[in-house]
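K.L.:
structure for this input, please:
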Amino acid sequence: MERVTRRSLVGAVGVGLASAGCLSDAGGPATDETTTDSPTTDSATEKTTRGTADATTDPAADATATEERTTGDWIARASNSPDPDHEITVEHDLAESRRLRVTVVREETGETVFETTDEFSRGEHTLYNLRKADPEGVEEFRVCAELLPADTSATTATGTTSPRRDCVTLATNECYGSAYVEPQEDGSVQIIYAIC
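P.N.:
Alright, predicted model coming up:
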């Protein structure tokens, strides 16, 4: 008796199905019933059409989008697109609270639009959002944070920098993100923000 293996069994089933017509690719030779309008073709065509229906058919727009991605023109566009929604937040993860002075000044006029001096405990404290300054288009704001000692008379002079003071300029455009004031363990303060 011949030994039946998995390979011989699969081969035998395959031959049987093929001779019964179950494995033919299009059901035999093309007849009037088998044309290019078969359900399989319609289904594939429909998927292809649906996939391209939402695609841009304007070659100039596609070329502009590709050029922006490759040349960095998107940065110029983002820099000129107003977006004033930038928060000024204190992020504090030290064990002891820290006393901070935070100011926001409109660069063009020198107007202080926000100022606070407060004791901040561990956590995240949102202080201000630049949209409250009601900027017209893209404007620049100088954000300064100063870590104050217990004796507030020992602060640094306005405009000077020290490890206890940090300043950054934020613009109200799509390129900038929010600013995070972070007191450090060594007694310094840093302002971190994102820009494209």
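K.L.:
P84 contacts G137, doesn't it?
P.N.:
No. P84 lies out of contact with G137 (CB atoms under 8 Å); the separation is 9.3 Å. Placement of C-beta: from N, CA and C, glycine included.
K.L.:
need the residues touching each of these two.
P.N.:
The overlap between the contact sets of P84 and G137 (CB atoms under 8 Å, 6 or more residues apart in numbering) consists of T172.
K.L.:
I'd say C175 and I195 touch.
P.N.:
Yes. Counting by CB under 8 Å, C175 touches I195, with 5.7 Å between them.
K.L.:
between these two, which one's more packed in?
P.N.:
For C175 versus I195, neighbours defined as other CB atoms under 10 Å are more numerous around C175 (20 against 13).
K.L.:
who's more crowded, P84 and G137?
P.N.:
In this comparison of P84 against G137, neighbours counted by other CB under 10 Å, the higher total goes to P84 at 21 against 10.
K.L.:
show me what contacts F114?
P.N.:
The neighbourhood of F114, defined by CB under 8 Å, 6+ apart, consists of 88, 102-104, 127-128, 132-133.
K.L.:
pLDDT wise, what is it at?
P.N.:
pLDDT for F114: 98.
K.L.:
now do the phi/psi pair for S79.
P.N.:
Per-residue torsions, S79: phi -70, psi -30 (degrees, to the nearest 10).
K.L.:
what ranges does the chain have for its strands?
P.N.:
87-92, 98-106, 112-120, 123-129, 140-148, 165-171, 176-183, 189-195 (DSSP state E).
K.L.:
any idea how far the residue lying closest to V102 once chain neighbours are set aside is from H92?
P.N.:
Using CB to CB, 6 or more residues apart in numbering and skipping residues adjacent in sequence, the residue nearest V102 is A145, 4.9 Å away. Distance, A145 to H92, using CB to CB, to the nearest Å: 11 Å.
K.L.:
sorry, back to before: the contacts of F114 into a markdown table, with extra columns for neighbour count, distance to A76 and pLDDT?
P.N.:
Below are the contacts of F114 laid out as a markdown table (neighbours: other CB atoms under 10 Å; distance: CB to CB, whole Å; pLDDT from 0 to 100):
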| residue | neighbour count | distance to A76 | pLDDT |
| --- | --- | --- | --- |
| I88 | 25 | 26 | 98 |
| V102 | 24 | 31 | 98 |
| T103 | 20 | 30 | 98 |
| V104 | 23 | 26 | 98 |
| L127 | 20 | 31 | 98 |
| Y128 | 21 | 28 | 98 |
| K132 | 11 | 27 | 98 |
| A133 | 18 | 24 | 98 |
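K.L.:
pick the one among the residues you listed closest to D73.
P.N.:
Checking those against D73 with CB to CB, the nearest one is A133 at 28.6 Å.
K.L.:
hmm, which helix or strand of this structure has the shakiest average pLDDT?
P.N.:
helix 39-53 (a mean of 37; mean pLDDT, DSSP states H and E).
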